[in-house]
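[1] okay, here's the prediction I keep looking at, along with the sequence it came from:
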Amino acid sequence: MSKTVSELLVGVLEQIGVTQIFGLIGDSLNPLGDAVRRSKIEWVGVRHEEGAALAAAGQAKLTGRLSVCAGTTGPGSTHLVAGLYEASRDHAPVLALSGDMARPMHGTDFIQTTEPDLLFRDVSLYTETISAPAQAAAVIHQAIAAAYAGPGVAHLTLPQDVLSAKAIGDASSVATLKPRGEVTPSEADVAEIARRIDKAESVVIMCGAGCRGAADVLRELSNRLKAPLVHSVRGKEFMAYDDPRWMGGLGMIGTKAVYNAVERCALLLMVGTDYPYSNFLPAKGTVIQIDQRAEVLGRRTPTELGVVGSARPTLKLLLEKAKAKSDTSFFDKVTHERHRWDEMLNKQADLKRSKDRIHPQAVARGVSDLARRDAVFVLDTGLNTLWSANWIRQSGSQRIVGSFNNAAVGTALGQANGIQVLDRSRQVIALTGDGGFNMLMGEFMTSVHHKLPVKVIVYNNSALGLIRLEAESVGLVPFREAIEFPNPDFAALARACGGHGFTARKPDELMAAITDALAVDGPAIVDAVVASDEMPNMPHIELEQAGHYAIAKIKEAVLAVTGG
């Protein structure tokens, strides 16, 4: 029996292991929906198409495997675009499907007309319209192959009449549609890395997202070279916070010990990271970068050697060639500074700091201490990112997902839904500011609808806290009318949606609220009302920037008195 184009597409997705499609159904997608209905794939209906794209992005980031989202003609598809930048910027394989009007309506300024291939061009590695049934099998294969090759976003436009038409030919070469493999470097490149390491008195190894699966090798290399391991935010999850080699992060989401180590070391070995903040990287000294993406080598800081290779095979070869070091003085100094920084973090997260105010650091630490050892933390963007990423003490078996390169506000809940649907028994915790949660709070109804027991922790300070900080950092008085806003009762909202809601306004209420939320069966929101004037730690701050903060604070004080 011949298949329709919809059945062909859904059949290929089934064969390669896709288990969900996230989307909002509509007239142009009805043929696709009918094929999904008769398949083993679960249709996860969302409340907004951006939520569909975010769910697919979160799922793909976690697994490295293709995820799928869909939107119907015109606005239904345009809503996907913002969420798809999550997958694009964090290099996660996602296939986006756009329903489209039947071909006879094209070119007539018909209702909901768009040019999807043009619209999706910036966010997609590949975008194409299936304009004829005979084209379908080849184009479907090409799109999925492109998503995996990037990895990133591929996009298909699906006219309704083509979806319903009989496909010509069947899909072939489906076995080739899979994540790309590891890249092994040349022996000469590894020998050159080893030679330079042997000459260096002190080495720091910076670990990024590309180090997934290489934690054991990194530990061995750290022991052999007496080299501290430091990480980007995306690399934080790979080892337990208390591993003696794992010194912390670099940058605003990082520690002073790590900043000093990177500045003072004789050689910085960057592995699987395209760390974008060049001001935190050494401007002098030796930098060696290892990455399987040739295009990222040397673009963030002056680099003496760039080697194309995946982390695990490259580091295993390096272990065989690099000579062992015996001097522990540099490692010991970094360890001492790390312990002092950790003591400060602990004090700032202490619930006893205030009798009547919850400090945001205590929220992150409380969630971290109560979470399961295999939980997934999904971080939103904003000042809340600093609280979560700096104060969560990861177990090494937990996962941490966020808007790492796109840095988009309002992305945590949508991504959490996509991750939770993979395994409803796994603990998934979204940590978000109130501003970000307000943007797509309707996706909590997606959680309720599909029985996704996501736990949402809201840092409620009634303001866009990072915007205030950014204004002060350049000496400006924060624009309060634009930054501050009223919030609903988030706990009551959760209950109105059919979930569970808990509120903490004072320190002695916080741990009980988090404990109860994590224990309930089903989605839950913790409304944690936190101090709005808390300043994050600054691992490194220039004298000029410190002056800007001082000037801004003086201006704020004057305006408070004068009312100007």
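    Yep, that arrived. Remember, it's a predicted structure, so these values are computed and weren't measured experimentally. Numbers count the residues shown, from 1 in each chain.
[2] any regions of this protein where pLDDT drops low?
    1, 103-106, 110-112, 466-474, 478-479, 540-564 (pLDDT under 70).
[3] I'd like the distance between the most centrally placed residue in it and A96.
    Centroid-nearest residue in the chain, with CA atoms, centre = their mean: G402, separated by 2.5 Å. G402 sits 21 Å away from A96, going by CB to CB, to the nearest Å. No exception for glycine: its C-beta is placed from N, CA and C like everyone else's.
[4] go on, A194?
    Applying CB to CB, the value for A194 to A96 is 44 Å.
[5] ok, those two, which is more surrounded?
    Remark: of A194 and A96, A96 carries more neighbours, 32 against 17, as counted by other CB atoms under 10 Å.
[6] what pairs with the nearest residue to that one once chain neighbours are set aside across the strands?
    Nearest residue to A96, sequence neighbours excluded (CB to CB, 6 or more residues apart in numbering): H155, at 4.5 Å. Note on H155: beta-bridge partners by DSSP bridges are A96, T127.
[7] count of residues packed around H155?
    Neighbours of H155 (other CB under 10 Å): 28.
[8] that one contacts I130, correct?
    No - the criterion here is CB atoms under 8 Å, and H155 misses it with I130 at 11.3 Å.
[9] re earlier: quick one, what contacts the residue nearest to A96?
    84, 95-98, 116-117, 120, 123-124, 126-128, 143 (CB atoms under 8 Å, 6 or more residues apart in numbering).
[10] W246: which of those is nearest?
    L84 (32.9 Å; CB to CB).
[11] tell me the SS of that closest one?
    Secondary structure assignment for L84 (DSSP: H, G, I helix; E, B strand; the rest coil): helix.
[12] distance check, the nearest residue to L351 once chain neighbours are set aside against V530.
    Closest residue in space to L351, ignoring its immediate chain neighbours: P507 at 4.4 Å, by CB to CB, 6+ apart. Counting by CB to CB, the gap from P507 to V530 is 10 Å.
[13] before we move on, what about E263?
    On the measure of CB to CB, E263 and V530 end up 33 Å apart.
[14] so between those two, which is more surrounded?
    Taking other CB under 10 Å, E263 and V530 do not tie; V530 has more neighbours (26 against 16).
[15] for that one, name its beta-bridge partners.
    Applying DSSP bridges to V530 yields these beta-bridge partners: I358.
[16] that one reaches H359, doesn't it?
    Yes - in this structure, V530 is within contact of H359 by CB under 8 Å, at 6.6 Å.
[17] hmm, back to that, wait, the residue nearest to L351 touches K355, no?
    Yes - with contacts counted by CB under 8 Å, P507 reaches K355, the gap being 7.1 Å.
[18] the two: who's more crowded?
    Using other CB under 10 Å, the more surrounded residue of P507 and K355 is P507, with 19 against 9.
[19] against E128, how distant is that one?
    Distance of P507 to E128, given as CB to CB: 56 Å.
[20] thinking again about what came up before, ok, and the most crowded of the contacts of H155?
    Busiest of the contacts of H155 [other CB under 10 Å] is A96, holding 32 neighbours.
[21] how about that one, what does it touch?
    53, 56, 68-71, 80, 84, 120, 124, 153-156.
[22] what of R47?
    442-443, 445-446.
[23] how about it, secondary structure?
    coil.
[24] leaving out the residues flanking it, which one is nearest to it?
    The nearest residue in space to R47 (CB to CB, 6+ apart) is G442, at 4.0 Å.
[25] how deep is that neighbour tucked in, by neighbour count?
    G442: 13 neighbours (other CB under 10 Å).
[26] how about the one 3 residues further on?
    Other residues near M445 come to 18 when the count uses other CB under 10 Å.
[27] so it makes contact with C497?
    Yes - between M445 and C497 there is a contact at 5.4 Å, judged by CB under 8 Å.
[28] strands of the stretch 351-500 of the chain, start to end?
    Taking DSSP state E, counting those that start in this stretch as the test, the strands found in the stretch 351-500 of the chain are 376-379, 399-402, 428-433, 455-460, 500-504.
[29] turn those into TSV, columns for distance to K333.
    Supplementary listing: the strands of the stretch 351-500 of the chain in TSV, determined by distance: least, CB to CB, whole Å:
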stretch	distance to K333
strand 376-379	31
strand 399-402	28
strand 428-433	33
strand 455-460	35
strand 500-504	40
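[30] of all the ones you listed, which one comes closest to R89?
    That would be strand 399-402 among the strands of the stretch 351-500 of the chain, by CB to CB, at 11.3 Å.
[31] partner strands of the closest one and their direction?
    Strand pairing for strand 399-402, determined by DSSP bridges: strand 376-379 (parallel).
[32] can you name the residues in contact with the partner strand?
    Residues beyond strand 376-379 that count as contacts (CB under 8 Å, 6+ apart) turn out to be 58, 62, 367, 371, 385, 388-389, 392, 394, 398-403, 412-413, 415-416, 419, 426-432.
[33] write the ChimeraX selection for whichever of those residues are buried.
    The ChimeraX selection below is limited to those of those classed as buried (16 or more other CB atoms under 10 Å):
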select :58,62,367,371,385,388,389,392,394,398,399,400,401,402,403,412,413,415,416,419,427,428,429,430,431,432
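[34] ranges for the helices of the stretch 101-250 of the chain?
    Per DSSP state H, counting those that start in this stretch, the stretch 101-250 of the chain carries helices over the ranges 116-119, 136-149, 160-164, 187-199, 215-225.
[35] switch those helices over to a markdown table; also include distance to H91.
    Listed next are the helices of the stretch 101-250 of the chain as a markdown table, based on distance: least, CB to CB, whole Å:
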| stretch | distance to H91 |
| --- | --- |
| helix 116-119 | 21 |
| helix 136-149 | 10 |
| helix 160-164 | 29 |
| helix 187-199 | 23 |
| helix 215-225 | 20 |
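[36] can you pull up the bridge partners for the residue nearest to the centre of the chain?
    Taking DSSP bridges as the rule, G402 bridges to L379.
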